[in-house]
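# Dropping the sequence and predicted coords here.
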Amino acid sequence: MPTTDTDFMDTASIPDSFYSMLKEVWGFEELRGMQSDAIAANLAGHDSLVVMPTGGGKSLCYQAPAVFRGGLTLVVSPLIALMKDQVDSLESCGVPAARIDSSLALDEKRRIVDRLANRQLKLLFVSPERLVDPGFVKLVQGNTIHTIAVDEAHCVSQWGHDFRPEYRQLAQIRKVFPEASIHAFTATATPKVRQDIVEQLQLRSPKVLVSSFDRPNLTYRILPQSDIVDQVREVLDRYRGQGGIVYCLRRTDVESLCQILGVHGYSVVPYHAGLSADERKRAQDAFINETADVVVATVAFGMGIDRPDVRFVVHTCMPKTIEHYQQETGRAGRDGEPAECVLLFSMGDMIALKRMTERSLIEAGAPEALIEAQRTQLEEMARYCRTPVCRHRALAEYFGESYTAPNCQACDVCLGDTDSVENAKQVAQKILSCISRVGEKFGVNYIVDVLTGSSTADIERRNHHSLSTYGLMKETPKRQLKDWIYQLIGQGAVTLEGDQYPILKLNAASREILFGAAEPRLIQSAVKNDRRTTRSPSAMNDFEYDRKLFEALRTLRRNLAAERQLPPYIILSDRSLAELSACRPSTREGLLAISGIGQAKVDAYGEVVLAAIASYCQDAGVSFDQPLPIAASSRETSLRGSRSAIGGSSVAARNREAVRKCLDQGMPLADVSAKTQLSNGTITKYLAEFLESGEIHQIDAWIPNATQIQVLEAANRVGRERLKPIFEELQQQIPYDDIRIVLAWDQAQSRVASE
């Protein structure tokens, strides 16, 4: 379960008018997960550190309070592309926002200065170095600045996976803007990195909110690397016409793979640091605007890319750290829909990556402590790849979170994509015996040649064709045998020594295996498993919708985006298109009931969308204004956040009913939240509604009688108009949620008595 400050659960203090604003601007009826805790902290003026996975809705945690409370919120962002994407998205919802960066023309900067002078902006995005510049401070000083949000806050920590020295300047924020509350946001941070963020940003008694690191909508697969091109094509074939990212280690790998995939008819573009800025921008734009399905890239590609409908991420080589892996795979399924993450693992690549990393750090004069930290992180990543345990569990536990599900049903281990080698000890003994018989003087490829009985001049010249181990494993494919050797290296069962010409050496662990005192574990691909059937590649699996109408609306969205020079997902999300395709609304009011569609989007696109739906319904002979179908999979439904209401069968209505059933059983509120995946604030809101409507009559199951008395006595002393005076009268000892529940119950009791 996620962790949070237990003394700060005042989500009930978020007023109903906030939710009205949320619906009008963003088209959302509810908050999900830990959003309500983060927003409550913001509105209360507390500093906070919010760790929430990619796709969890971090941006809303500072955008919505900025719109609701007014004034100017400053947002620190590391990349121009990231700023532009967020500003475009906000303006599409009717929110006055802007960015100041080096890419703006002089007249654009002047317009922003005028808007600042007239206090017309709600959010302003800037780089870290600009935020603390005296000229910038003077520029914004006429505005009321309640809040500063630091996005991608892990960049401030030297222990993080993406440290940026310019972020260290943010230590000056407190001096420059002493009255503003500071809120740090990141998707990936270990406890050590979290502590460093708090110290570097000088957060004052921050509310540290750590959501679950688990991304249940992602299917993780780590497969032994064999034929990279064929393995990548297998994934691409499952997602024809859908967005994906393929990561490679080197620029040359990007170019060669991209060329091969292009020849085979895939819609791909390359991206790496060796391309010109213009070439990189064209590739990025093609991917974002959906004129290219797949980008083949080095890790230089990713941050600042907010395309939510990426259906797969493939790593053709192991990432440097688990943090990198978490962030890079996190670019898949940002819309909360199912997505797949495939890593093609080779211990050979891991060893090459280790050499490259150490060489670059040594050449840069890095201290030994940093070099050793990098080695440790590489080893942790390799251990994650080679250890056959649930991938979701391993990731969650790495970030300090417990994971209790016995089977995630969403990784190669739990889905049975790999098998253990039954005679692993005998296989290992043959390999180790061969290493011993050639005198521990040769590398991996030579050992593979000897064991498979290859007729090479070197083997014959050394008379190794007469060894008892020669040809001992001739039935084993060379790629599989090579992978097993690297698995043994990874387990410490054999040592690889030397840089330029690494050779295999036996060690104490090797001898334990040779003498039968220890048994290694080797894995291989499960040929019997057809990965195409384990998980549907289509998004929105939780309800049925008209696929033909969806594609028609997707084409319309692409055309609208091209006209306005915006990414398609900013116009409408895939979720919105799917709900439109299922419900086929005929009125503007019907559009407002769709998740993600607020008043600004109805005003901007409503007429053309309604016309497209009407034309389709007429041609196809189908009816308008249908309720959203019941979820096809309860598990998939539980992965989603809250949706907008559409008739009696909306997801919001189903959420409400699910909460009601739990409460009817007297289930503790924390358990209700865990079971329904709804925030504490939403659970409290529903319970208050049930009490006010008379659907629930007692609160003893959730609020002790003594607490009820305390709350009512305090309310009688200070009044019931606002919760905060009651909270303070109770010495801040009773949570806002409990106060709200007691008052709702008492009001219901008074109404019944008067009737």
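Thanks, I have it.
# can I see the domain layout of the protein?
According to automatic domain parsing, the chain comprises the domains 11-210, 218-415, 420-525, 547-620, 650-754.
# closest to Q626 out of these?
Comparison of these against Q626 by C-beta to C-beta identifies domain 547-620 as nearest, at 5.2 Å. (Glycine included, C-beta is placed from N, CA and C.)
# circling back: can I get the domains of the chain in JSON lines including distance to Q626, mean pLDDT and mean neighbour count?
What follows is the domains of the chain, written out as JSON lines (distance: least, C-beta to C-beta, whole Å; pLDDT from 0 to 100; neighbours: other C-beta atoms under 10 Å):
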{"stretch": "domain 11-210", "distance to Q626": "19", "mean pLDDT": "87", "mean neighbour count": "19"}
{"stretch": "domain 218-415", "distance to Q626": "21", "mean pLDDT": "87", "mean neighbour count": "19"}
{"stretch": "domain 420-525", "distance to Q626": "44", "mean pLDDT": "90", "mean neighbour count": "17"}
{"stretch": "domain 547-620", "distance to Q626": "5", "mean pLDDT": "91", "mean neighbour count": "19"}
{"stretch": "domain 650-754", "distance to Q626": "12", "mean pLDDT": "82", "mean neighbour count": "17"}
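# now the strands for the stretch 1-150 of the chain?
48-51, 73-76, 97-99, 123-126, 147-150 (DSSP state E, counting those that start in this stretch).
# could these go into TSV alongside distance to D237?
Listed next are these as TSV, based on distance: least, C-beta to C-beta, whole Å:
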stretch	distance to D237
strand 48-51	36
strand 73-76	40
strand 97-99	39
strand 123-126	39
strand 147-150	41
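# which SS state does D419 fall under?
With DSSP: H, G, I helix; E, B strand; the rest coil as the basis, D419 sits in strand.
# For I260, see how far away it is.
Distance of D419 to I260, given as C-beta to C-beta, to the nearest Å: 30 Å.
# Equivalent analysis for G666, please.
Per C-beta to C-beta, G666 is found 61 Å from I260.
# picking up where we left off before, nearest to V193 among the strands of the stretch 1-150 of the chain would be which one?
Nearest of the strands of the stretch 1-150 of the chain to V193, taken as C-beta to C-beta: strand 48-51 at 9.1 Å.
# Who are the packing partners of that closest one?
With contacts taken as 3 or more C-beta pairs under 8 Å, 6 or more residues apart in numbering; DSSP states H and E, strand 48-51 sits against helix 35-43, strand 181-186, helix 191-200, strand 207-210.
# Next, the angle from the first one to strand 181-186.
Looking back up the chat, that one is helix 35-43. Angle, helix 35-43 to strand 181-186, by axes from the mean of the first three to the mean of the last three C-alpha atoms, to 10 degrees: 150 degrees.
# Helix 35-43: how far from the chain's middle?
Here helix 35-43 shows a centroid-to-chain-centroid distance of 20 Å under the convention C-alpha atoms, centre = their mean, to the nearest Å.
# Can you name the residues that contact the closest residue to L236 other than its chain neighbours?
In space, and not counting its chain neighbours, L236 is closest to Y266: 5.6 Å by C-beta to C-beta, 6 or more residues apart in numbering. Applying C-beta atoms under 8 Å, 6 or more residues apart in numbering to Y266 gives the contacts 233, 236, 293-294.
# Inside helices: which ones of those residues?
Among the contacts of Y266, the residues falling in helices (DSSP state H) are 233, 236.
# Between the contacts of Y266, which sits nearest L275?
So of these, ranked by how close each gets to L275 (C-beta to C-beta), first place is V294, at 16.2 Å.
# ok, now which ones touch the closest one?
236, 243-246, 261, 266-269, 287.
# at 7 Å instead, please
Contact analysis of V294 by C-beta atoms under 7 Å, 6 or more residues apart in numbering lists 236, 244, 246, 266-268.
# so the nearest residue to I362 once chain neighbours are set aside is in which element?
Distance criterion C-beta to C-beta, 6+ apart; nearest residue to I362, sequence neighbours excluded, is I371 at 6.9 Å. Assigned by DSSP states H and E, I371 falls within helix 368-386.
# got the CA positions of that helix in CSV?
C-alpha atoms of helix 368-386 as CSV (Å, rounded to 0.1, in the frame of the first residue of the first chain):
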residue,chain,number,x,y,z
GLU,A,368,35.3,6.3,-6.5
ALA,A,369,32.1,6.5,-4.4
LEU,A,370,30.1,7.5,-7.5
ILE,A,371,31.7,4.8,-9.6
GLU,A,372,30.9,2.2,-7.0
ALA,A,373,27.3,3.4,-6.8
GLN,A,374,26.9,3.0,-10.5
ARG,A,375,28.3,-0.5,-10.3
THR,A,376,25.9,-1.4,-7.6
GLN,A,377,22.9,0.0,-9.6
LEU,A,378,24.0,-2.0,-12.6
GLU,A,379,24.2,-5.2,-10.5
GLU,A,380,20.7,-4.5,-9.1
MET,A,381,19.3,-4.0,-12.6
ALA,A,382,20.9,-7.3,-13.8
ARG,A,383,19.7,-9.1,-10.7
TYR,A,384,16.1,-7.9,-11.4
CYS,A,385,16.5,-9.2,-15.0
ARG,A,386,17.9,-12.6,-14.1
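# Give me the residues contacting it.
For helix 368-386, contacts defined as C-beta under 7 Å, 6+ apart pick out 222, 318-322, 325, 343, 345, 350, 353-354, 357-358, 361-362, 394, 487, 490.
# Would you list the phi and psi of the nearest residue to D151 once chain neighbours are set aside?
Distances taken as C-beta to C-beta, 6+ apart place S77 nearest to D151, at 4.9 Å, with adjacent residues excluded. Backbone torsions of S77, given as degrees, to the nearest 10, read phi -140, psi 140.
# All set, thanks.
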